[in-house]
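Colleague: model this:
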Amino acid sequence: MTYEFLECPVKDACLGMNINLPILTPGNQVGMCNVREGYYGTLCSACMPGYKREGNFNCEKCQPHQIYIMGGVFFTMIFVLCFLIRSTINGADKANNTHSVFNKILMNHMQMLIITASFDLDWPELVKMIFDLAAPIK
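Modeller: As a prediction, this is how the structure comes out:
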């Protein structure tokens, strides 16, 4: 049997294993996490309910106003989606419909922005700020 040890991505999140508990105790196989700061899971890389992801691995407590912001973003996305579907259906019978083409280009751009943001590269700060603005779309 071999053991491979992985470094915790967030130093304050991983509290190590409890040597007083049997290895098969729930939670002790992957190590204890700092649940007071909102971490749990393998390598303490997941956020508990009431916490949100900040960066790649950090968890941060959700503020009450953020729920309203996320609700607003959700309803705005639903509205935009309905608008795009309606305009595509209305423009389908027109011969010179450039509106539908622009909608498809916009959607393609947003998809590529989200995919590009998922790459773990050393982006300039301005690009990171643009990715952060597009993060609720994910």
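
Colleague: from here on, just use CA atoms for contacts and neighbour counts.
Modeller: Will do.

Colleague: what sits up against stretch 119-132?
Modeller: Residues from elsewhere that reach stretch 119-132, judged by C-alpha atoms under 8 Å, 6 or more residues apart in numbering: 113-114, 117.

Colleague: ChimeraX command to pick out the buried ones of those residues?
Modeller: Command for ChimeraX that selects the buried part of the contacts of stretch 119-132, burial taken from 16 or more other C-alpha atoms under 10 Å:
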select :114,117
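
Colleague: out of the contacts of stretch 119-132, flag the one nearest to residue 59.
Modeller: residue 117 (18.7 Å; C-alpha to C-alpha).

Colleague: show me what contacts that closest one?
Modeller: The contact partners of residue 117, by C-alpha under 8 Å, 6+ apart, come to residue 131.

Colleague: residue 108 versus that one, what's the distance?
Modeller: Plainly put, residue 117 is 14 Å away from residue 108 if you go by C-alpha to C-alpha, to the nearest Å.

Colleague: looking at the contacts of stretch 119-132, which are in helices?
Modeller: Members of the contacts of stretch 119-132 lying in helices (criterion: DSSP state H): 113-114, 117.

Colleague: a markdown table please, covering those residues and showing pLDDT.
Modeller: Converted to a markdown table, the ones in helices among the contacts of stretch 119-132 look like this (pLDDT from 0 to 100):
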| residue | pLDDT |
| --- | --- |
| 113 | 78 |
| 114 | 76 |
| 117 | 75 |
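
Colleague: redo these as TSV? Include distance to residue 98.
Modeller: Listed next are the ones in helices among the contacts of stretch 119-132 as TSV, based on distance: C-alpha to C-alpha, whole Å:
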residue	distance to residue 98
113	23
114	25
117	29
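
Colleague: out of the residues you listed, who's nearest residue 76?
Modeller: Distance ranking of these against residue 76, using C-alpha to C-alpha, places residue 114 first at 17.6 Å.

Colleague: now do the contacts for residue 46.
Modeller: 39-40, 57, 59.

Colleague: who wins on neighbours among those?
Modeller: Using other C-alpha atoms under 10 Å as the neighbour criterion, residue 39 leads these with 26 neighbours.
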